[in-house]
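Chemist: Any chance you can model this:
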Amino acid sequence: MPPASAPTVPSRQRTGTAPTKQPPAAERVYTHVKDAVLQRRYEGGMLLTEGELAEAVGVSRTPVREALLRLEVEGLIKLYPKKGALVLPVSAQEIADVVETRLLVEKHAAAKAVPASKALLAELAEHLETMQEQAAAGDLAAVSVADRCFHAALVRSAGNQILDRLYEQLRDRQLRMGVAVMHAHPDRIAKNITEHAEILDALRAGDAEAATGALHRHVSWVRNLAQGDDR
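Modeler: A predicted model of the protein is given here:
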């Protein structure tokens, strides 16, 4: 009697890997539009239609509507029935509000961080190095992300979870503003990196007053630019 043949094993079982499961359609649309808005591929004032977005992501219009409603709640777009979704530009008032909130949270965190731990100093130095590398590569979106990570690490070091969550709510606004300002004022990128280094040096020296002062000057310049004062 011939030996029984071995059962056929599906390739994914032989390799031990499972097929990658795609996120739901509405989540894919949400991510696509949000990333494009934050990185300025969809700029303020641009009108997006459901049909165009459905074709771009490869989905039907129903998940597009669901994603756009979510983005409207987050303040990134404004929906107009039968017309589409308008990407909202960053206003001077929004910049002023974000800067005011950031100063309240970040200056408190900087003062509380002194004396700074070795772990915090190492993390801040790593983010600063990433900013320098991405700036050299000309990737403004990545520079903005590294910039935001530098400040978020400082806020987390305060150990206040309520302030940390409040600051996290500003994340998307910060990233969008950062990319917009860097495109409008590319000369500020080098200044940004220098100011981050000043904050880090003050923390290394254990000088809380110098750290909060450097941070205040660094964060305030965004508001100054929005008001037409390039300092």
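Chemist: tell me the helices in this protein, going along the chain?
Modeler: Assigned by DSSP state H, the chain shows helices spanning 11-15, 25-38, 50-57, 61-73, 92-113, 118-137, 140-156, 161-168, 171-184, 188-204, 208-226.
Chemist: so what are the domain limits for this protein?
Modeler: Structurally, the chain divides into domains by automatic domain parsing as follows: 21-87, 92-226.
Chemist: Can you lay out the ones you listed as JSON lines showing mean pLDDT and mean neighbour count?
Modeler: Quick note: C-beta positions are derived from backbone N, CA and C, even for glycine. Converted to JSON lines, the domains of the chain look like this (pLDDT from 0 to 100; neighbours: other Cβ atoms under 10 Å):
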{"stretch": "domain 21-87", "mean pLDDT": "92", "mean neighbour count": "16"}
{"stretch": "domain 92-226", "mean pLDDT": "90", "mean neighbour count": "17"}
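Chemist: wait, Ala153 sits on Ala125?
Modeler: No: look at Ala153 against Ala125 with Cβ atoms under 8 Å: they stay out of range, at 10.4 Å.
Chemist: sorry, back to before: I'd like the helices of the chain as JSON lines, with distance to Lys82 appended.
Modeler: Listed next are the helices of the chain as JSON lines, based on distance: least, Cβ to Cβ, whole Å:
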{"stretch": "helix 11-15", "distance to Lys82": "45"}
{"stretch": "helix 25-38", "distance to Lys82": "19"}
{"stretch": "helix 50-57", "distance to Lys82": "10"}
{"stretch": "helix 61-73", "distance to Lys82": "12"}
{"stretch": "helix 92-113", "distance to Lys82": "27"}
{"stretch": "helix 118-137", "distance to Lys82": "41"}
{"stretch": "helix 140-156", "distance to Lys82": "33"}
{"stretch": "helix 161-168", "distance to Lys82": "35"}
{"stretch": "helix 171-184", "distance to Lys82": "27"}
{"stretch": "helix 188-204", "distance to Lys82": "41"}
{"stretch": "helix 208-226", "distance to Lys82": "34"}
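Chemist: dump the residue contacts of Ala153.
Modeler: Residues near Ala153 by Cβ atoms under 8 Å, 6 or more residues apart in numbering: Leu120, Glu123, Leu124, His127.
Chemist: can you do 10 Å?
Modeler: Ala153 sits next to Ala109, Ala113, Ala119, Leu120, Glu123, Leu124, Glu126, His127 when contact means Cβ atoms under 10 Å, 6 or more residues apart in numbering.
Chemist: likewise Leu140?
Modeler: Here Leu140 is in contact with Gln39, Arg40, Gln134, Gly178, Val179, Ala180, Val181, Met182, His183, Pro186, Ile189 (Cβ under 10 Å, 6+ apart).
Chemist: any idea how far it lies from Ala211?
Modeler: Computed as Cβ to Cβ, to the nearest Å, the Leu140 to Ala211 distance reads 26 Å.
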